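1. Here's a sequence, model it:
(2 chains)
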Amino acid sequence: MNEDVRTGFEAFQPETFAFDEQSEAEIEKILRKYPPGRQASAVLPLLYLVQNQMARQTGSGWVPRAAMDVVAKRLEMPPIRVYEVATFYTMFQLRPVGRFHLQVCTTTPCWLRGSDKVVAACKQEAGIRGFGETSADGLFTLSEVECLGACVNAPVLQINNDLYEDLDAERTIALLQAFRRGEPPPPGSTIGRIGSAPEGGPMTLISEIEPPPAPGAE
Amino acid sequence: MPKVTIDGTVVEVPAGSSVLQACELAGKEIPRFCYHDRLSVAGNCRMCLVEVEKNPKPVASCAFPVADGMVVWTDSPMVRRGRRGALEFLLINHPLDCPICDQGGECDLQDESMAYGLDRSRFREQKRAVRDKYFGPLIKTVMTRCIHCTRCIRFAQEIAGVPELGATGRGENMEVTNYIERMLTSELSGNIIDLCPVGALTSKPYAFVARSWELVKTDSIDVLDAVGCNIRIDSRGPEVLRIVPRLHEDVNEEWLGDKSRFALDGLRRRRLDRPWVKRGGKLEEASWQEAFTAIADRLGRLNGARIGAVAGDLADAESMLALKHLMQQLGSNNLDCRQLGEKFDASRRDFYLFNTTIAGIEDADALLLIGTNPRREAPVLNARIRKRWLAGNFPVAAIGEPAELTYAVEWLGNSPQVLAQLLAEAHPFLKRLQAAERPMLILGQGALARADGAAMLAAAWELARKAGLLRPEWHGFNVLHAAAARVGALDLGFLPGEGGKSLDAMLDDGVDALWLLGADEFPIERIGPRTFVIYQGHHGDRGASRADVILPGAAYTEKHGTYVNTEGRVQRGALAVYPPGDAREDWKILRAFSAVMGKPLPYDDLESLRAKLEAENPIFGRIDECPRRGCADLSGPKGDAQALTDAPFVSPISDYYRTDPISRASPTMALCQEALRANMPIAAE
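-> Next up is the predicted model:
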């Protein structure tokens, strides 16, 4: 994705950006965590706020250059230091994406468990040819990402900020259709798995055990 | 101090040194790309690998501190293998375009490839290509050549104080960029060209002009500001092609301002290359003899008291002395060098010098700027202030026009009344100055070149006395000059003699004939209509446009000249190329003219003229000597410290890129000015 980022002055870049009330309230909370003079540490959460606010306002969660300038000003740091952070992390989108950003993990565990089929299903359902593309209706953008840290429930697809796990081709298509209808299912396993427990329910620690008495307790 | 054994030699190095520094002390050359001794340590090129005993792997010596008893090998098989590997990785994405690269011949990567490079590539994949960036009209980028040493990023952040460069992206997509395609807003930006170890950042005006081995290199002195930066003039045939800084720890370290580096294309334009004489209201080409006769006819009929001479900002001491002698022969005391009407007191040297010295800034612990913008007036000196400020515990306050100086400044207000308050002990900053052990103040030309300049000088001295800036072992009173010729002229006494007229009195027909030695900065339009003007200089600038006779002189690259910088350091520039056409070295013109007048000046060569220079003022015999000064005599300069007005300070330099005839004739400087203006609306946000 980063190779597309050139100057911050592409045609799709908005001229200005301003935090809305909801973001401002969050910023206040975030900045309170850092001592004065160390606000620059808040650059990651603020960029994340930008991306969420853009999703809220425009339906496309991305970070425009104008917003990076606003963050730089707010945190009293040179704009280039914000550009560096925003371009370093692939989780920040530097160009508009679809309303639902499909991030398929294709790292080894997911790949072994059939991520190729998830990718194919996404392409088929969204009607796009490859990674980085956005569907004609502007709903879906497909991206290839590295490990999302949910290998136990591979293969995994992240849609915007939520993970959908244990996918196969059909369930992926059903998932996308649900999103298209505007009825996103709750995130997590799509086969009813509880957390990262084994398929079909827990296999150890089934009965409840009395905890041993604390040392020194009578 | 720890003792370290390097390749069998034991050296003692200061605690806290890196292994690389220890190796250098032992005389071992360690290859490096990212390490630079004036920048922070990055440790990312891995070229400086050495073997340290009991260490299983080679270590990056630039980032590895020494310890007592350490045994280091700089040329073991492990070291050589490691460096070869590091270089192979650096070369993976580096293009093989040395034949068309401007860095070719002076490229660190090329040199190290000769020592550690493989003769073939094992890389079979696609090489990466990176789009070039726009860094302004001075710096050309070929970013595919970049090896990510980050020297330019660190320079912009640390030395120049304009954090505008960074590395975006990650891994294979990392790029060094400013992201927003704008000119770097630093007067020192050209230095990243020198710092770049490869051909990623090269000089735009010098692109494809010459190869480094074709150039004749002449050590000289820069005259486009008063710092007296040491430079090397690279020329080929009759043309100066490049100017780069030379190391001088006490003056410019290894930096050079962009104007001094890039204004050289102004040396080829608007040049006066033959004499001109005005006949019937129109300038016509003439021979030297005709020009001299025209002047002699006119001056011969005049009373000496009706003849005046003004020395310009770029004049060398030799030609000013020759002009002074000529005027004395003509019976004139009307000499002046203060083109902006600065109120100096030349009765004592420390009244007009940068007494703390430039290197001395690093020992100061409080600073007050009065009517000066050192970033524009002397960018290299400003970098030294920033260096001191970065070291910490250095309160800086300023009276004058607020500006971004690249360090934190407490702006006390833009009125001389603040100075009056400080004097009346009614201002809190006085306490900070008094509490400091080695406080200093810098008085700019913006404070002296005004109606109440003399009062300003007296008030500043009085403040210096009161705040303890003047001590037997420390001199904290500084005048920052903007013109390279000024201190030399003051040392020579190029000022109105007894009963002589100042520049102001010479204007408006105060004299009948005016000899301008490269003087272009005073209000030319105030020369009276009946005044006969002789312009001796190298550029067809403001002064030449009003001249009745033009005598073509030599620019600073074309003559052996002596210049005194703002600290009073006497330095000698050298001739790199000959003046164009009929133009001649300036002192020779004056000497030749004196012969036409029948009274030849008593020197026929540079040596005898320099002997006279030394006789005039012995400091001209002490080349490059600038001892730290103290102040024993506290009595102040002339001027009534109470006569301060309310008028706000105005810097004499409104545009850094165009301050003198050379930079005004330079298309590159014009481009810089335009690019800077394009930056402006963003800066104003």
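2. domains in the chain, as residue ranges please.
-> Answering for chain A, as no chain was given. Residue ranges for the structural domains of chain A, counted by automatic domain parsing, are given in the record as A:3-88, A:100-189.
3. look at chain B instead
-> B:3-91, B:98-268, B:276-344+B:485-621, B:355-480.
4. Quick one: closest of those domains to B:Glu674.
-> B:Glu674 lies closest, by Cβ to Cβ, to one member of these: domain B:98-268, at 7.9 Å. Any C-beta I mention is one placed from the backbone N, CA and C, and that applies to glycine too.
5. gap between the two ends of the closest one?
-> As for domain B:98-268, its first-to-last residue distance stands at 29 Å under the measure Cα to Cα, to the nearest Å.
6. so how far is that domain from its chain's centroid?
-> Computed by Cα atoms, centre = their mean, to the nearest Å, the chain-centroid distance of domain B:98-268 equals 18 Å.
7. can you check stretch A:115-127 too?
-> Between the mean C-alpha point of stretch A:115-127 and the mean C-alpha point of its chain there is a distance of 18 Å (Cα atoms, centre = their mean).
8. mind listing what's buried in it?
-> Buried positions in stretch A:115-127, judged by neighbour count with 16 or more other Cβ atoms under 10 Å in any protein chain shown: A:Ser115, A:Val118, A:Val119, A:Ala121, A:Cys122, A:Lys123, A:Glu125, A:Ala126.
9. Ok, stretch B:343-358 next?
-> In stretch B:343-358, residues buried by neighbour count (16+ other Cβ under 10 Å) are B:343-346, B:350-358.
10. rewinding a little: what about the domains of chain A, which gets the closest to B:Ala449?
-> With Cβ to Cβ, the closest approach to B:Ala449 among the domains of chain A belongs to domain A:3-88: 34.8 Å.
11. nearest spatial neighbour of B:Asp586, skipping sequence neighbours?
-> The shortest distance from B:Asp586 to any non-neighbouring residue, by Cβ to Cβ, 6 or more residues apart in numbering or on different chains, is to B:Ser319 (3.5 Å).
12. can you map out the helices along chain A?
-> Listed in chain order, the helices of chain A (DSSP state H) span A:21-31, A:43-58, A:65-75, A:79-88, A:108-112, A:115-126, A:169-181.
13. Mind checking the pLDDT average for the shortest one?
-> For helix A:108-112, the mean per-residue pLDDT is 96.
14. tell me which residues in that helix are buried?
-> Counting neighbours by 16+ other Cβ under 10 Å, one finds that the buried residues in helix A:108-112 are A:Pro109, A:Cys110.
15. Kindly report the same for the second one.
-> Applying a neighbour-count criterion of 16+ other Cβ under 10 Å, the buried positions in helix A:43-58 are A:Val43, A:Pro45, A:Leu46, A:Leu47, A:Tyr48, A:Leu49, A:Val50, A:Gln51, A:Asn52, A:Gln53, A:Met54, A:Ala55.
16. Just the CA trace of that helix, in CSV.
-> In CSV, the C-alpha atoms belonging to helix A:43-58 read as follows (Å, rounded to 0.1, in the frame of the first residue of the first chain):
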residue,chain,number,x,y,z
VAL,A,43,0.4,10.6,17.9
LEU,A,44,-0.7,7.0,17.3
PRO,A,45,-4.1,7.2,19.2
LEU,A,46,-4.8,10.6,17.5
LEU,A,47,-4.1,9.2,14.0
TYR,A,48,-6.4,6.3,14.9
LEU,A,49,-9.1,8.8,16.0
VAL,A,50,-8.7,10.6,12.6
GLN,A,51,-9.2,7.3,10.8
ASN,A,52,-12.3,6.5,12.8
GLN,A,53,-13.7,10.0,12.4
MET,A,54,-13.2,9.9,8.7
ALA,A,55,-15.1,6.5,8.6
ARG,A,56,-17.9,8.1,10.6
GLN,A,57,-18.1,11.2,8.5
THR,A,58,-17.3,10.0,5.0
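17. between that helix and helix A:65-75, how big is the angle?
-> Helix A:43-58 runs at 130 degrees relative to helix A:65-75, counting by axes from the mean of the first three to the mean of the last three Cα atoms, to 10 degrees.
18. and what of the first one?
-> Relative orientation of helix A:21-31 and helix A:65-75, computed by the same axes, to 10 degrees: 40 degrees.
19. Report whether the expected contact of B:Ile662 with B:Phe262 is present.
-> No. The pair formed by B:Ile662 and B:Phe262 falls short of the contact definition of Cβ atoms under 8 Å, at 10.8 Å.
20. Same list, the buried residues of stretch A:115-127, but as JSON lines with distance to A:Phe140 and pLDDT please.
-> Below are the buried residues of stretch A:115-127 laid out as JSON lines (distance: Cβ to Cβ, whole Å; pLDDT from 0 to 100):
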{"residue": "A:Ser115", "distance to A:Phe140": "17", "pLDDT": "95"}
{"residue": "A:Val118", "distance to A:Phe140": "13", "pLDDT": "96"}
{"residue": "A:Val119", "distance to A:Phe140": "13", "pLDDT": "96"}
{"residue": "A:Ala121", "distance to A:Phe140": "12", "pLDDT": "95"}
{"residue": "A:Cys122", "distance to A:Phe140": "7", "pLDDT": "95"}
{"residue": "A:Lys123", "distance to A:Phe140": "10", "pLDDT": "95"}
{"residue": "A:Glu125", "distance to A:Phe140": "8", "pLDDT": "93"}
{"residue": "A:Ala126", "distance to A:Phe140": "4", "pLDDT": "93"}
